[in-house]
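Structure here, sequence nowhere to be found:
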(Lines give C-alpha, C1' and ligand atoms only; values in the text may rest on other atoms or scores of the structure.)
Protein backbone atom coordinates (compact mmCIF):
# COMPACT_ATOMS: atom_id res chain seq x y z
CA UNK A 1 0.00 0.00 0.00
CA UNK A 2 1.12 3.52 -0.65
CA UNK A 3 1.43 6.18 2.02
CA UNK A 4 0.27 9.24 0.17
CA UNK A 5 1.78 12.24 1.90
CA UNK A 6 -1.05 14.59 0.96
CA UNK A 7 -3.53 12.42 2.81
CA UNK A 8 -1.22 11.88 5.76
CA UNK A 9 -0.73 15.65 6.09
CA UNK A 10 -4.41 16.11 6.98
CA UNK A 11 -3.76 14.30 10.24
CA UNK A 12 -1.90 15.67 13.23
CA UNK A 13 1.28 13.69 13.88
CA UNK A 14 1.33 11.50 16.96
CA UNK A 15 3.37 12.66 19.91
CA UNK A 16 6.09 10.27 21.08
CA UNK A 17 3.85 9.26 23.99
CA UNK A 18 0.87 8.58 21.67
CA UNK A 19 3.09 6.59 19.31
CA UNK A 20 4.44 4.54 22.23
CA UNK A 21 0.91 3.84 23.52
CA UNK A 22 -0.28 2.80 20.06
CA UNK A 23 2.72 0.52 19.61
CA UNK A 24 2.07 -1.11 23.01
CA UNK A 25 -1.64 -1.52 22.18
CA UNK A 26 -0.81 -3.17 18.85
CA UNK A 27 1.66 -5.50 20.58
CA UNK A 28 -0.75 -6.59 23.32
CA UNK A 29 -4.15 -6.43 21.58
CA UNK A 30 -3.26 -6.73 17.93
CA UNK A 31 -4.87 -4.71 15.18
CA UNK A 32 -8.40 -3.94 16.39
CA UNK A 33 -9.34 -1.57 13.57
CA UNK A 34 -8.63 -2.26 9.91
CA UNK A 35 -6.57 0.08 7.78
CA UNK A 36 -8.94 1.95 5.44
CA UNK A 37 -7.71 2.21 1.86
CA UNK A 38 -8.97 3.80 -1.33
CA UNK A 39 -8.82 1.24 -4.10
CA UNK A 40 -8.09 3.36 -7.15
CA UNK A 41 -7.30 0.32 -9.27
CA UNK A 42 -6.37 -3.32 -8.80
CA UNK A 43 -2.73 -2.42 -8.16
CA UNK A 44 -3.18 1.00 -6.56
CA UNK A 45 -4.44 1.32 -2.99
CA UNK A 46 -3.85 4.44 -0.90
CA UNK A 47 -4.21 4.57 2.89
CA UNK A 48 -7.00 6.89 4.04
CA UNK A 49 -7.10 5.95 7.73
CA UNK A 50 -4.57 4.01 9.79
CA UNK A 51 -1.27 5.50 8.60
CA UNK A 52 0.33 5.18 12.04
CA UNK A 53 -1.02 1.66 12.64
CA UNK A 54 0.24 0.61 9.22
CA UNK A 55 3.77 1.93 9.83
CA UNK A 56 4.03 0.42 13.31
CA UNK A 57 2.68 -2.97 12.22
CA UNK A 58 5.07 -2.99 9.24
CA UNK A 59 7.98 -2.23 11.59
CA UNK A 60 6.84 -5.13 13.77
CA UNK A 61 6.62 -7.41 10.72
CA UNK A 62 2.91 -8.00 11.25
CA UNK A 63 0.49 -8.33 8.33
CA UNK A 64 -2.32 -5.79 8.35
CA UNK A 65 -6.05 -6.09 7.76
CA UNK A 66 -7.58 -3.51 5.45
CA UNK A 67 -10.97 -2.54 4.12
CA UNK A 68 -11.44 -0.81 0.79
CA UNK A 69 -13.44 2.29 -0.02
CA UNK A 70 -14.43 3.36 -3.52
CA UNK A 71 -14.35 7.00 -4.61
CA UNK A 72 -14.58 8.64 -8.01
CA UNK A 73 -12.13 11.43 -7.24
CA UNK A 74 -9.35 12.42 -4.87
CA UNK A 75 -11.60 15.20 -3.54
CA UNK A 76 -14.21 12.59 -2.51
CA UNK A 77 -11.52 10.57 -0.73
CA UNK A 78 -10.31 13.72 1.01
CA UNK A 79 -13.84 14.57 2.15
CA UNK A 80 -14.14 11.08 3.65
CA UNK A 81 -10.81 11.49 5.50
CA UNK A 82 -11.70 14.89 6.90
CA UNK A 83 -15.20 13.81 7.93
CA UNK A 84 -13.75 10.75 9.64
CA UNK A 85 -11.10 12.82 11.42
CA UNK A 86 -13.59 15.36 12.77
CA UNK A 87 -14.83 12.75 15.23
CA UNK A 88 -11.40 12.07 16.64
CA UNK A 89 -10.57 13.46 20.04
CA UNK A 90 -6.91 14.13 19.23
CA UNK A 91 -7.76 17.25 17.20
CA UNK A 92 -7.29 20.67 18.73
CA UNK A 93 -9.98 23.32 18.28
CA UNK A 94 -7.84 25.02 15.62
CA UNK A 95 -7.40 21.73 13.75
CA UNK A 96 -11.17 21.14 13.89
CA UNK A 97 -11.76 24.62 12.45
CA UNK A 98 -9.21 24.06 9.67
CA UNK A 99 -10.77 20.68 8.89
CA UNK A 100 -14.25 22.22 8.76
CA UNK A 101 -13.03 24.99 6.45
CA UNK A 102 -11.36 22.54 4.07
CA UNK A 103 -14.46 20.32 4.10
CA UNK A 104 -16.61 23.34 3.23
CA UNK A 105 -14.33 24.24 0.31
CA UNK A 106 -14.26 20.68 -1.06
CA UNK A 107 -18.03 20.21 -0.73
CA UNK A 108 -18.65 23.57 -2.43
CA UNK A 109 -16.29 22.57 -5.26
CA UNK A 110 -18.06 19.22 -5.64
CA UNK A 111 -21.44 20.95 -5.68
CA UNK A 112 -20.28 23.37 -8.41
CA UNK A 113 -18.93 20.45 -10.46
CA UNK A 114 -22.18 18.50 -10.08
CA UNK A 115 -24.23 21.53 -11.14
CA UNK A 116 -21.96 22.04 -14.15
CA UNK A 117 -22.31 18.36 -15.14
CA UNK A 118 -26.09 18.63 -14.72
CA UNK A 119 -26.25 21.75 -16.84
CA UNK A 120 -24.09 20.13 -19.51
CA UNK A 121 -26.35 17.06 -19.51
CA UNK A 122 -29.46 19.23 -19.77
CA UNK A 123 -28.00 21.03 -22.79
CA UNK A 124 -27.41 17.67 -24.48
CA UNK A 125 -30.95 16.33 -23.95
CA UNK A 126 -33.34 16.79 -26.85
CA UNK A 127 -36.15 19.16 -25.97
CA UNK A 128 -39.78 19.08 -27.08
CA UNK A 129 -40.26 19.28 -30.84
CA UNK A 130 -40.08 22.82 -32.01
CA UNK A 131 -38.36 24.17 -28.91
CA UNK A 132 -36.34 27.15 -29.98
CA UNK A 133 -37.90 27.13 -33.45
CA UNK A 134 -40.63 29.80 -33.53
CA UNK A 135 -41.89 28.68 -36.93
CA UNK A 136 -43.27 25.43 -35.41
CA UNK A 137 -44.57 27.01 -32.22
CA UNK A 138 -48.22 28.07 -32.10
CA UNK A 139 -48.93 29.73 -28.79
CA UNK A 140 -52.29 31.05 -29.94
CA UNK A 141 -53.70 34.35 -28.81
CA UNK A 142 -56.04 32.63 -26.32
CA UNK A 143 -53.02 32.05 -24.07
CA UNK A 144 -52.56 35.78 -23.56
CA UNK A 145 -54.92 38.08 -21.69
CA UNK A 146 -54.73 41.79 -21.23
CA UNK A 147 -54.05 42.72 -17.64
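Now that the structure is in, tell me what you want to look at. Everything quoted here is computed from the prediction, not taken from an experiment.

Can you pull out the low-pLDDT segments for this structure?
The model of the chain has pLDDT under 70 over residues 3, 5, 88-89, 121-147.

For the chain, just list every one of the strands.
Applying DSSP state E to the chain gives strands spanning 35-41, 44-49, 66-69.

Export those strands to a markdown table and append columns for distance to residue 79 and mean neighbour count.
All C-beta atoms are positioned from the backbone trio N, CA, C, and that covers glycine. Below are these laid out as a markdown table (distance: least, CB to CB, whole Å; neighbours: other CB atoms under 10 Å):
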| stretch | distance to residue 79 | mean neighbour count |
| --- | --- | --- |
| strand 35-41 | 12 | 17 |
| strand 44-49 | 11 | 19 |
| strand 66-69 | 11 | 14 |
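
got CSV for those, with distance to residue 76 too?
Shown next, in CSV, are these (distance: least, CB to CB, whole Å):
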stretch, distance to residue 76
strand 35-41, 9
strand 44-49, 11
strand 66-69, 9
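
Which one of the ones you listed lies nearest to residue 81?
Residue 81 lies closest, by CB to CB, to one member of the strands of the chain: strand 44-49, at 5.3 Å.

and the closest one, how far out from the chain's middle?
Distance of strand 44-49 from the chain centroid (CA atoms, centre = their mean, to the nearest Å) equals 12 Å.

relative to strand 35-41, how tilted is it?
Using axes from the mean of the first three to the mean of the last three CA atoms, to 10 degrees, the direction of strand 44-49 lies 150 degrees away from that of strand 35-41.

buried residues in stretch 14-29?
For stretch 14-29, burial by neighbour count (16 or more other CB atoms under 10 Å) applies to 14, 23, 26.

Also stretch 57-72?
Using 16+ other CB under 10 Å as the test for burial, stretch 57-72 gives 57, 64, 66, 69, 71.

With adjacent residues omitted, what lies nearest to the third one?
Closest residue to residue 66 apart from its sequence neighbours, by CB to CB, 6 or more residues apart in numbering: residue 35 at 4.3 Å.

Could you verify my assumption that that neighbour touches residue 50?
Yes: Residue 35 lies in contact with residue 50 (CB atoms under 8 Å); the separation is 3.6 Å.

any common contacting residues for these two?
Contact criterion CB atoms under 8 Å, 6 or more residues apart in numbering; residues shared by residue 35 and residue 50: 64, 66.

Lovely, talk soon.
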